[in-house]
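Student: quick check, what structure comes out for this input:
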Amino acid sequence: MKVPTKYFLIPLLAALAVFTAACLTVTVSATPTPAAEKAAVVTPSPSETFQSPTLTPQPATPTSTATPTATPTPKPTDTPAARLANTPTPKPTATPTPKPSLPFEGVFKGTAAGDDGSSASLTLDLTQRGQEVSGLATLGEGLRVNVGGGFCPGVQSVPPASVEVSGQTSPNNPRRIESSATMTVSGFNIVVSVVADVSADGEDLTALITLQVPFPCRSPQLPARLTRQE
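Tutor: The predicted structure is shown next:
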């Protein structure tokens, strides 16, 4: 049985139409429309949006401003008041005591030293006339002297006494005097000789007193130091 050709073409044409329609659909779907393109633009989410880094302004470093120092106004130094203020006050100077022209004139007090560590006060009240010197020597209590043993009485106490003295200054040294006096000690008459020197300023007197005891006893020597009294 022979099938007519038109019966083969009809299904074939139908299939071809279906295929063509399908291809057109795919083509149309694949071609983006302006609306589709607009919709296809990806809008970034807020979290994905680029954030420009925010710069926090830092406080400006304070500039060190030095407090201006006031320039002191120079004080005038060449004015009478300034010169008077800068003038040092002179210190009062002690008026030196005039040296006596007669070095032995006056009163001298001090101490005479004896044996065994003993001592006694000694005062000389002297008057000088030219080379002649006279006065009174006063010896206090406490002086002891050693005149030797054997036939001699040994250590003896010298009693307090006031003795008149007189003498002359040395021709070669007007500040030295040599004098003598007599006193009684333990029943013996003893000649007391004195050699005294006055210092250059006239304030101090040193003396060497010799007790001239009869032989064979010892004649002790007693040093003395005295100071001029006002």
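Student: so which helix or strand takes in the nearest residue to Gln221 once chain neighbours are set aside?
Tutor: For Gln221, the nearest residue in space outside its immediate sequence neighbours is Thr210; the separation is 5.1 Å by C-beta to C-beta, 6 or more residues apart in numbering. To be clear about C-beta, it is placed using only N, CA and C from the backbone, and glycine gets the same treatment. Using DSSP states H and E, Thr210 maps to strand 204-212.
Student: outside of that strand itself, list whatever touches it.
Tutor: Residues outside strand 204-212 that contact it (C-beta atoms under 8 Å, 6 or more residues apart in numbering): 104, 108, 110, 112, 124, 145, 147, 185, 190-199, 219-228.
Student: again, but for stretch 134-147
Tutor: 112, 114-116, 118-127, 153-167, 181, 185, 194, 211, 213, 217-220, 222.
Student: where do the helices sit along this structure?
Tutor: When secondary structure is read from DSSP state H, the chain shows helices at 5-30, 34-40, 80-86.
Student: what's the least confident stretch among those helices?
Tutor: By mean pLDDT, the lowest-scoring of these turns out to be helix 34-40, with a mean of 45.
Student: from the contacts of stretch 134-147, which would you call buried?
Tutor: 112, 114-115, 118, 120-126, 153, 156, 158, 161, 165, 167, 181, 185, 194, 211, 213, 217-220, 222 (16 or more other C-beta atoms under 10 Å).
Student: still on that earlier bit, so what's the residue nearest to Gln221 bridging to?
Tutor: Taking DSSP bridges, one finds Ser193, Gln221 as the beta-bridge partners of Thr210.
Student: repeat that for Ser134.
Tutor: Under DSSP bridges, the residues paired with Ser134 across the bridge are Thr127, Ser166.
Student: ok, now Ser119?
Tutor: Ala113.
Student: check Thr123 too.
Tutor: Lys109, Thr138.
Student: pretty sure it contacts Lys109?
Tutor: Yes - using C-beta atoms under 8 Å, Thr123 is in contact with Lys109, at 5.0 Å.
Student: shared neighbours, the two?
Tutor: Common neighbours of Thr123 and Lys109, counting by C-beta under 8 Å, 6+ apart, are Leu226.
Student: just the buried residues of the contacts of strand 204-212.
Tutor: Those of those that meet the buried threshold are 104, 108, 110, 112, 124, 145, 147, 185, 190, 192-196, 198, 219-220, 222, 224, 226, 228, by 16+ other C-beta under 10 Å.
Student: wait, Glu164 sits on Thr182?
Tutor: No - here Glu164 lies out of contact with Thr182, judged by C-beta under 8 Å, at a distance of 9.8 Å.
Student: any low-confidence regions in this structure?
Tutor: Within the chain, the segments meeting pLDDT under 70 span 1-100, 185-186, 188, 230.
Student: what about 50?
Tutor: Along the chain, the parts satisfying pLDDT under 50 run over 1-3, 5-6, 23-50, 52-55, 98.
Student: and Phe151, backbone torsions?
Tutor: Here is the backbone geometry of Phe151 (degrees, to the nearest 10): phi -70, psi -10.
Student: distance of it from Asp115?
Tutor: 18 Å (C-beta to C-beta, to the nearest Å).
Student: go on, Arg175?
Tutor: Arg175 sits at a distance of 29 Å from Asp115 (criterion: C-beta to C-beta).
Student: same check, this time on Gly149
Tutor: Counting by C-beta to C-beta, the gap from Gly149 to Asp115 is 13 Å.
Student: so Arg175 touches Val198, yeah?
Tutor: Yes - because the distance of 4.6 Å satisfies C-beta under 8 Å, Arg175 is recorded as touching Val198.
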